[in-house]
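Enquirer: Model the structure of this input:
(2 chains)
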Amino acid sequence: MGKNLYQKVFDKHVVAKLPSGQYQLFIGLHLCHEVTSPQAFAMLREDGLKVLHPERTFATVDHIIPTTKAERSRPLKDPVSEEMFEHIEKNTKDFGIRFFGPETGEQGVIHIVGPEEGVTQPGMTIACGDSHTATHGAFGAIAFGIGSSQVADVLATQTLAMSPLKTRRLLFTGKLKPGVTPKDVALAYIARLGVNGGVGYAYEFAGPVIEDMSMEGRMTICNMAIEGGARVGYCNPDEKTFEFLKGKPFAPKADRWGEAVAYWKSVASDPDAVFDDEIVFDCNTLEPMVTWGITPAQAIGISEKMPKVSEFKGSEKQVVEEAYEYMGFEEGASMQGVPVDIAFVGSCTNGRLSDLQEAAAVLKGHKVADSVQMWVVPGSMKIKVEAEALGLDKIFKEAGAEWREAGCSLCLAMNPDKLKGRQISASSSNRNFKGRQGSPAGRTILMSPGMVAAAAIEGKVTDVRKYIKE
Amino acid sequence: MTAINVIKGSGIPLRGNDIDTDRIIPARFLKCVTFEGLGEYAFADDIEGLKVNGKIHPFRAPEYAKGSILVSNQNFGCGSSREHAPQALKRWGIRVIIAESYSEIFFGNCVALGIPCYRVDHATAEKIIAWIEANPNGELETSVENRTLKFGNETIALSLSDGPRGQFLDGSWSARAALMANAAKVEETASKLPYMQFLA
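Expert: Next comes the predicted model:
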């Protein structure tokens, strides 16, 4: 009986079975940012502990960093943000950890920096004090979010206490139509399985749609795993994975490349691998998706109507009522035509080069509506440079969008980028929770970068496919 | 390490599914380098949102001010991995959570803070909530060992898996000591991983 990738990688990393019944798992790569790490470093200092393997932790600053050049000058205007910035600089310096700060030209959203530096590799266990860590699963790693106490565990011991998850394979069949993107695939399966459908599972994303998908797209799919309740999501490594890593700063060099690829191939799920569950999704009929409510599962295809409250029962009905009350939308209506105030392209979900290209392709030759402010925030400083080399910045600026510096930005609005009042944002990010984007009454509609660009042009939610030349 | 077993206290009801970590502690309160003082910001936006409508959130209701056993519905603590969320609840005074289900990262963070999170089915959650609403000062008693809840004249079964139950009972809910005890084995495991040599 064959094993799947999750089982193989988990087994290779077991250090011991703990008295509690859990397993002590070796962590191959640890990533840090400024929000969830200072408390962990403080715990280490309090207990007089060292970082066991400082060479296996990498850090950057992403959540609080402003995205305009002027606001990024130090000290930051907001004193608490400055303090957090200083803490990650000092902690990484004191403990001998590599810090990708803005002065290195390598700063960015941690889940974008890891892959582009080549520190994210197949067959690893990867932990980070951030729930979107599953992004790295796109490379065939077991990657998951942890809390700050566990960040301290990893720093001190390079291990974590874990229980193995069950595994579910999500098989995506068919072919994506023009204008339909990995983000739509993610929103569609979350809508179908629900926000807690994945609790207790590691998800393997497989099938022809995933095989055809770029590494960027796979990262988008894995990134959203947690929004469907799955702490871990991954794709099997293949030639695209190896090609992506080749030449990256921390990727294996030529002398070890063959050995590395052999290991990476060995961790892929066996053809006869067994899963606890399998679900098949036909992607032939998939269309661009938008959320209408306050959870990522409250999503519909752009040509569909919002559901009626009467279609739901019990506690699910309560969440639907709460969503309509908060969003101010009308049940049974279309999402097309809903006016938007802010258009945001960026985040660990959709802040990669291919996402910027997708938005630029839609925006080219058009103008952002007068009623809309559009922010395009590259996921990393390197992506910004690459995008500018391709002239994408000019397309955005000519359309009237703001071309920003790298960071998490409006996804969770811990920096100066925030919604105001009840503003509605068309957002390429990952969470449409109440108050998520910086205003306690602000509203978020999740969609693909192309859909955001189309909404920016019309000043309202619309179908991106009318802007796509086949 | 201290073992955690029987916890007694009055309850606090919090109806709703999918109460996410952004609601438990909105992102602007994550601007901090310690967890101190987070308790007063627990549910800050939900509290304000209800207040403008003339309603009062359980975390501000005088009758639940001493509540330490929080009862909610499905998928509690979904969303981000921020330990700030359970830290805020703990610093507000919550010592036990009973809900229909949890996000895994939130559940793990609670274990690390010594907050037992028990599961019950929907009907049981509603029954406990109704009892607390009728008896805001009434005492509830939870037991990790027996996986039970006593309230009024009733004793009901709670669900808690063996792993965290063992951790609470033997005091290893803060895992670090157990992890540090295996230092030699850690290096042995690492030495067998081919990629230890790959990271240039």
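Enquirer: Every contact and neighbour count from this point should use C-alpha atoms.
Expert: Noted.
Enquirer: Go ahead and measure how far the top helix by length along chain B is from the middle of the chain.
Expert: Across chain B, the longest stretch assigned as helix under DSSP state H is helix B:122-134. In terms of Cα atoms, centre = their mean, to the nearest Å, the centre of helix B:122-134 is found 18 Å from the chain centre.
Enquirer: Then stretch A:424-442?
Expert: 15 Å.
Enquirer: do stretch A:14-25 as well
Expert: Here the centre of stretch A:14-25 is set off from its chain's centre by 29 Å, with Cα atoms, centre = their mean.
Enquirer: Pull it out as CSV, backbone CA atoms only.
Expert: Provided in CSV are the C-alpha atoms of stretch A:14-25 (Å, rounded to 0.1, in the frame of the first residue of the first chain):
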residue,chain,number,x,y,z
VAL,A,14,9.4,12.2,13.8
VAL,A,15,12.0,12.7,16.6
ALA,A,16,10.1,10.8,19.3
LYS,A,17,6.7,9.9,20.6
LEU,A,18,5.9,12.1,23.6
PRO,A,19,4.3,10.9,26.8
SER,A,20,1.2,12.9,25.9
GLY,A,21,0.7,10.6,22.8
GLN,A,22,1.8,13.4,20.4
TYR,A,23,4.8,13.2,18.1
GLN,A,24,7.8,15.4,18.4
LEU,A,25,8.4,16.6,14.8
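Enquirer: Is there proximity between that stretch and chain B?
Expert: Yes - using Cα under 8 Å from any Cα of the partner chain, stretch A:14-25 reaches chain B at A:Val14, A:Val15, A:Ala16, A:Leu18, A:Pro19, A:Ser20, A:Gly21, A:Gln22, A:Gln24.
Enquirer: what mean pLDDT does the longest helix of chain B have?
Expert: Mean per-residue pLDDT for helix B:122-134: 97.
Enquirer: which residues touch whichever helix or strand comes after it?
Expert: Using DSSP states H and E, the helix or strand that follows helix B:122-134 in sequence is strand B:139-143. When contacts are defined by Cα atoms under 8 Å, 6 or more residues apart in numbering or on different chains, strand B:139-143 is touched by residues B:5-11, B:69, B:148-152.
Enquirer: Centre of the chain to the host helix or strand of A:Lys90, how far?
Expert: Following DSSP H and E, one finds A:Lys90 within helix A:79-94. Centroid separation for helix A:79-94 versus its chain: 24 Å, with Cα atoms, centre = their mean.
Enquirer: Which elements pack onto the longest helix of chain B?
Expert: In this structure, helix B:122-134 packs against strand B:6-13, strand B:69-71, with contacts taken as 3 or more Cα pairs under 8 Å, 6 or more residues apart in numbering or on different chains; DSSP states H and E.
Enquirer: Which of the ones you listed has the highest mean neighbour count?
Expert: Compared across these, strand B:69-71 shows the largest average neighbour count, a mean of 25 (mean count of other Cα atoms under 10 Å in any protein chain shown).
Enquirer: Following element in sequence after that one, please.
Expert: Immediately after strand B:69-71, counting by DSSP H and E, sits helix B:84-92.
Enquirer: hmm, the helix or strand just after that next one touching chain A?
Expert: Per DSSP H and E, the first helix or strand lying C-terminal to helix B:84-92 is strand B:96-99. No - judged by Cα under 8 Å from any Cα, strand B:96-99 and chain A are separated, with a smallest distance of 12.9 Å.
Enquirer: Check the offset of the helix or strand following strand B:96-99 from the chain's centre.
Expert: Proceeding N to C from strand B:96-99, the next assigned helix or strand is helix B:104-112, under DSSP H and E. Helix B:104-112 has its C-alpha centroid displaced from the chain centroid by 7 Å (Cα atoms, centre = their mean).
Enquirer: for helix B:104-112, packing partners?
Expert: Helix B:104-112 packs on helix A:148-157, helix B:84-92, strand B:117-119, going by 3+ Cα pairs under 8 Å, 6+ apart.
Enquirer: As a markdown table, these with mean neighbour count would be great.
Expert: Shown next, in a markdown table, are the helices and strands packed on helix B:104-112 (neighbours: other Cα atoms under 10 Å in any protein chain shown):
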| stretch | mean neighbour count |
| --- | --- |
| helix A:148-157 | 26 |
| helix B:84-92 | 24 |
| strand B:117-119 | 26 |
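Enquirer: so can I have JSON lines of the ones you listed showing mean pLDDT and distance to A:Ala453?
Expert: Output for the helices and strands packed on helix B:104-112, formatted as JSON lines (pLDDT from 0 to 100; distance: least, Cα to Cα, whole Å):
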{"stretch": "helix A:148-157", "mean pLDDT": "97", "distance to A:Ala453": "36"}
{"stretch": "helix B:84-92", "mean pLDDT": "98", "distance to A:Ala453": "34"}
{"stretch": "strand B:117-119", "mean pLDDT": "98", "distance to A:Ala453": "43"}
